[in-house]
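>>> Give me coordinates for this.
(2 chains)
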Amino acid sequence: MEKSATEENKPLNFIEEIIDNDLKAGKYESILTRFPPEPNGYLHMGHAASICLNFGVAKKFGGKTNLRFDDTNPVAEDVEYVNSIQEDIKWLGFEWANVFYASDYFDTLYDYAVQLIKQGDAYVCDLTSEEIAQQKGTPTEAGKNSPYRNRSVEENLDLFARMKAGEFKEGEKTLRAKIDMTSPNMLMRDPLLYRIKFAHHHRTGDKWCIYPMYDFAHGQSDSIEKITHSICTLEFVPHREVYDWLIAKLGIYPSKQYEFARVNVNYTVMSKRKLLQLVNEKHVNGWDDPRMPTISGMRRRGITPTAIRQFCEKAGIAKREKINEFSLLEFCTREHLNKIALRRMVVFNPIKVVITNLENEISLDIENNPEDENGGKRHVIFTKEIFIEKDDFVETPQKKIFKMEVGKAIRLKGAFIVTCTNVVKNEDDTISEIHCTYHENSKSGNDKSGIKVQGTLHWVSAQYAIPVEIREYDRLFKVENPSDEEGDFKDYINENSLNVIPNAYAEPVLQQATLEHHFQFLRKGYFYLDKTSTAEKIIFNKTVGLKDNWSK
RNA sequence: UGACCGAUGGUGUAACGGUAGCACAGAAGUUUUUGGUGCUUUUAGUUGAGGUUCGAAUCCUUGUCGGUCAACCA
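Predicted coordinates:
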């Protein structure tokens, strides 16, 4: 078998296969895809998958991708969303060939509607919303023809023009395609093409009081732009028949629709409607709350575009509904962050350690990233008094536990081996400080002590450490698929998804942390500066923990 | 009791009539100045029943299960 030039080692997904075949058959010279968000919410992981697919296949096969806002319902849409969507796509690392709006085509769409009326393929219907629903039939029962179905072309033309002119009230009249009220496909039972809405549109202002429905906007927009492959999600499968019918009747460029399964992730929800509820009802602190599966939320949390793209790649493209495990996203995040994150030491829950044989502070240079030879080093000062994690000291010695205990030697990362000599206690029997002696010839990188230690601890200088706030996140929901449970999805919100550690002690270089860098706090996980962080109050979001085989 | 779509380890995805593979998750070992990383090993799968074929995850029939469709949303 001959391999095409576009083929890499891994097999093509079914969309790529279709494109590959079309190109080989000479059906198209080059392909054009589009990403068509409605600007009524922030983009989430599901959109990221669609973006990766649409922009990805175009890039792979030497084509282009348009960004098109599907803004045919002015009631829900807003420029705030238009801006955030563009920012998110760019951040993810993709470039569109053009930015278009379905609203750019309102004039053309109107002309198309007139054409359909003239051909006898559309009519103005006076039925109310309820009446239409009633006459539509059910999936197992045919619908009935509207009494207005056989109006003359002249009357339809006149009525439609008057709809546009604003002579009728909202809901009073609609334009419907004349297809087949007995079709087993409910969407083919004379679908609505236009409805009256006296709403201000974010782009066209008050020019229009009639707006096209999805079915009379999306496929037509695709066609106008000469989109070759219009890729959408599974719920649009039944719309394909309408899509093809309208394009055929109009005799316009035959874009083709292909459907794939949307990407879901467990323990969260992936619908703009539900995410909007979480925002509006303050279950989270906005669309970009680091717990949200939105692109902006993931960005704020410290997940990288590379990780998201990798996740989408690994999650794959298929035709069946699926829920991916969050652990796959965590894996992709760790995989990338391990390579780029600067290593730092931060003590979350401190206990004081006094190095009794150390009088003068010692200056150390510790590697920024053991995975990066060119990563350089940062300056850290070892002082007589330091903090370690309270959890890293145990009073009762245990085997196979790599912690500090009286009489035992242990390595302080990047510094020296210390031997714990004794502890000083408070009146209530709690430990006030731990005393250790350090071994001068055991300096990191130049250890001549010959002492074998089990374990290495992170630490900060008590004198130089800076206070930082740490925000740790857990899954947003207590169940894998909240939408699949009894009752409201919000009943399954994990109340403990945010854990704030207001006073952690960080090594001083973290004072200069910016959004440019991702960090790994040794033995803790990956962290990223929160966008609200200031010099006075430094805040870090936990992106993801380190993989931990031991605690299990 | 309609139409359409789908069904491969716990999860996701390959195999295009010819050895069921990969990744994540899980387990074990190894390395390690992060209980991180790396490396090695390993557990586990074709929805049931028929049929076609030398040979079926793949083709056919049928059952079962899951999803979608009755918004003037997209």
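>>> Can you verify my assumption that residue A:188 contacts residue A:241?
Yes - between residue A:188 and residue A:241 there is a contact under Cβ atoms under 8 Å: 5.7 Å. All C-beta spots, glycine's among them, are computed from the backbone N, C-alpha and C.
>>> Tell me which of those two has more neighbours.
Ranked by neighbour count (other Cβ atoms under 10 Å), residue A:188 and residue A:241 place residue A:188 first, with 19 against 15.
>>> low-scoring pLDDT stretches of chain A, where are they?
Applying pLDDT under 70 to chain A picks out residues A:1-9, A:551-552.
>>> at 80 instead, please
A:1-10, A:397-400, A:550-552 (pLDDT under 80).
>>> If residue A:380 is in a bridge, with which residues?
Using DSSP bridges, the bridge partners assigned to residue A:380 are residue A:364.
>>> And the residue of the stretch 351-500 of chain A that's closest to RNA strand B?
Nearest to RNA strand B, among the residues of the stretch 351-500 of chain A, is residue A:444, at 3.0 Å (Cβ to the nearest atom of the strand).
>>> mind checking which helix or strand that residue is in?
Of the helices and strands defined by DSSP states H and E, none includes residue A:444.
>>> burial count for it?
Residue A:444, neighbours per other Cβ under 10 Å, totals 18.
>>> Please look at it and residue A:366 and confirm they touch.
Yes - using Cβ under 8 Å, residue A:444 is in contact with residue A:366, at 7.4 Å.
>>> what residues do these two have in common as contacts?
Common neighbours of residue A:444 and residue A:366 (criterion: Cβ atoms under 8 Å, 6 or more residues apart in numbering): A:413-414.
>>> mind giving me the domain ranges of chain A?
A:15-260, A:268-342+A:468-544, A:348-458 (automatic domain parsing).
>>> Same list (those) but as TSV, adding distance to residue A:550.
Shown next, in TSV, are the domains of chain A (distance: least, Cβ to Cβ, whole Å):
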stretch	distance to residue A:550
domain A:15-260	30
domain A:268-342+A:468-544	11
domain A:348-458	9
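>>> how about the helices in the stretch 101-250 of chain A?
Assigned by DSSP state H, counting those that start in this stretch, the helices in the stretch 101-250 of chain A fall at A:106-119, A:129-135, A:153-164, A:218-225, A:239-250.
>>> what's the neighbour count on the nearest residue to residue A:200 once chain neighbours are set aside?
Take residue A:200 and drop its neighbours on the chain: the residue closest to it by Cβ to Cβ, 6 or more residues apart in numbering is residue A:206, 5.8 Å away. When neighbours are counted by other Cβ under 10 Å, residue A:206 registers 11.
>>> likewise the one 3 residues further on?
As a burial measure, residue A:209 scores 18 neighbours (other Cβ under 10 Å).
>>> and what of the one 10 residues further on?
By the criterion of other Cβ under 10 Å, residue A:219 has 26 neighbours.
>>> Excluding chain neighbours, what is closest to it?
Using Cβ to Cβ, 6+ apart, the closest residue to residue A:219 is residue A:243 (4.2 Å).
>>> got it, and residue A:129?
Using Cβ to Cβ, 6+ apart and skipping residues adjacent in sequence, the residue nearest residue A:129 is residue A:171, 6.1 Å away.
>>> Roughly how far does that neighbour sit from residue A:132?
10 Å (Cβ to Cβ, to the nearest Å).
>>> do the same with residue A:110
Residue A:110 is 22 Å from residue A:132, by Cβ to Cβ.
>>> Stretch A:260-272: which residues count as buried?
By 16 or more other Cβ atoms under 10 Å, the buried positions in stretch A:260-272 come out as A:260-270, A:272.
>>> quick one: which of these is nearest to RNA strand B?
RNA strand B has its nearest neighbour among these in residue A:261, at 6.0 Å by Cβ to the nearest atom of the strand.
>>> ok, the closest one - contacts?
Contacts of residue A:261 (Cβ under 8 Å, 6+ apart): A:233-234, A:317-322.
>>> Distance to residue A:526 for these - can I get that in TSV?
Shown next, in TSV, are the contacts of residue A:261 (distance: Cβ to Cβ, whole Å):
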residue	distance to residue A:526
A:233	31
A:234	34
A:317	28
A:318	30
A:319	34
A:320	33
A:321	31
A:322	27
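>>> of the residues you listed, list those near RNA strand B.
A:234, A:317-322 (Cβ under 7 Å from any atom of the strand).
>>> ranking the residues you listed by neighbours, who comes first?
Result: residue A:317 is most packed of these (other Cβ under 10 Å), 20 neighbours.
>>> Which residue, other than its chain neighbours, is closest to residue A:473?
residue A:291 (5.1 Å).
>>> How about residue A:117?
That would be residue A:156: by Cβ to Cβ, 6+ apart, it lies 4.6 Å from residue A:117.
>>> wait, what's in contact with the one you found?
For residue A:156, counting by Cβ under 8 Å, 6+ apart, the contacting residues are A:117, A:122-124.
>>> same question, residue A:281
Residues in contact with residue A:281 (Cβ under 8 Å, 6+ apart) are residue A:490.
>>> mind listing the helices for the stretch 451-552 of chain A?
Under DSSP H, counting those that start in this stretch, the stretch 451-552 of chain A gives no helices.
>>> nope, the stretch 301-450 of chain A is what I meant
Using DSSP H, counting those that start in this stretch, helices in the stretch 301-450 of chain A cover A:305-315, A:326-340.
>>> now for the ones you listed, which one comes closest to RNA strand B?
Nearest to RNA strand B, of all those, is helix A:326-340, at 3.8 Å by Cβ to the nearest atom of the strand.
>>> near RNA strand B at all, that closest one?
Yes - Helix A:326-340 lies within reach of RNA strand B by Cβ under 7 Å from any atom of the strand, at A:327-328, A:330-331, A:334-335, A:338.
>>> Run through the neighbouring helices and strands of that helix.
helix A:305-315, strand A:525-529, strand A:539-545 (3 or more Cβ pairs under 8 Å, 6 or more residues apart in numbering; DSSP states H and E).
>>> same thing but at 7 Å, please
Contact here means 3 or more Cβ pairs under 7 Å, 6 or more residues apart in numbering; DSSP states H and E; on that basis helix A:326-340 packs against helix A:305-315, strand A:539-545.
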